[in-house]
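A.B. asks: here is a sequence together with a model predicted from it:
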Amino acid sequence: MATLRLEIVTPDKLAFEGDVESVVIPGSEGELGVLPMHIPLMTQIKPGEVVITQNGKKDYLAVGEGFATVTQTNVNILTDMAIEWQHIDETAAEAAIERAKSTLAGRHDLSEEEVASVQASLLKSLAQLHVRRRHHS
């Protein structure tokens, strides 16, 4: 069976590297499923879930914002966050969501950049919580 070489890179680590049968990416226009021999493209990704199929098994990661490049044989994802669902701390994610919501509720004294930063943090925490709850057994 044909495979793709997948690399998921964050600023501080190589989060995933391996040969996979397929990968689903949370693109800015919706989910993007990639199989071997896919048409080459580059797309922005949004906070959400990456689904990796490797050796017939699925694995799930919460990712933040970033970019993905796809060729017929490779998928490279550069993102500011990548966490396997098993390593997501649900309590910490819930607390981060509440902090962000509280900060945004009193946003009258925040700059546009601060609001954007808090909103980005909120989206990443929501992605983590969604992925964790969806796959928690």
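C.D. replies: Thanks, I have it.
A.B. asks: helices along this protein, start to end?
C.D. replies: 90-105, 112-135 (DSSP state H).
A.B. asks: which one of these lies closest to E49?
C.D. replies: E49 sits nearest to helix 112-135 of all those, at 4.9 Å, using CB to CB. Glycine gets a C-beta too; all of them are placed from N, C-alpha and C.
A.B. asks: packing partners of that closest one?
C.D. replies: Here helix 112-135 touches strand 48-54, strand 57-63, helix 90-105, going by 3 or more CB pairs under 8 Å, 6 or more residues apart in numbering; DSSP states H and E.
A.B. asks: quick one: average confidence on that helix?
C.D. replies: Average pLDDT, helix 112-135: 88.
A.B. asks: equivalent analysis for stretch 80-94, please.
C.D. replies: The model assigns stretch 80-94 a mean pLDDT of 91.
A.B. asks: what about it, how long is it end to end?
C.D. replies: Stretch 80-94 stretches 19 Å from its first residue to its last (CA to CA, to the nearest Å).
A.B. asks: could you list the buried residues of that stretch?
C.D. replies: Within stretch 80-94, the residues that count as buried by 16 or more other CB atoms under 10 Å are M81, A82, I83, E84, W85, I88, A93.
A.B. asks: could the helices and strands packed on helix 112-135 be laid out in TSV, adding distance to L35?
C.D. replies: Shown next, in TSV, are those (distance: least, CB to CB, whole Å):
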stretch	distance to L35
strand 48-54	9
strand 57-63	14
helix 90-105	31
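A.B. asks: would you single out the least confident of these?
C.D. replies: helix 90-105 (a mean of 89).
A.B. asks: elements contacting that helix?
C.D. replies: Against helix 90-105 (3+ CB pairs under 8 Å, 6+ apart) you get helix 112-135.
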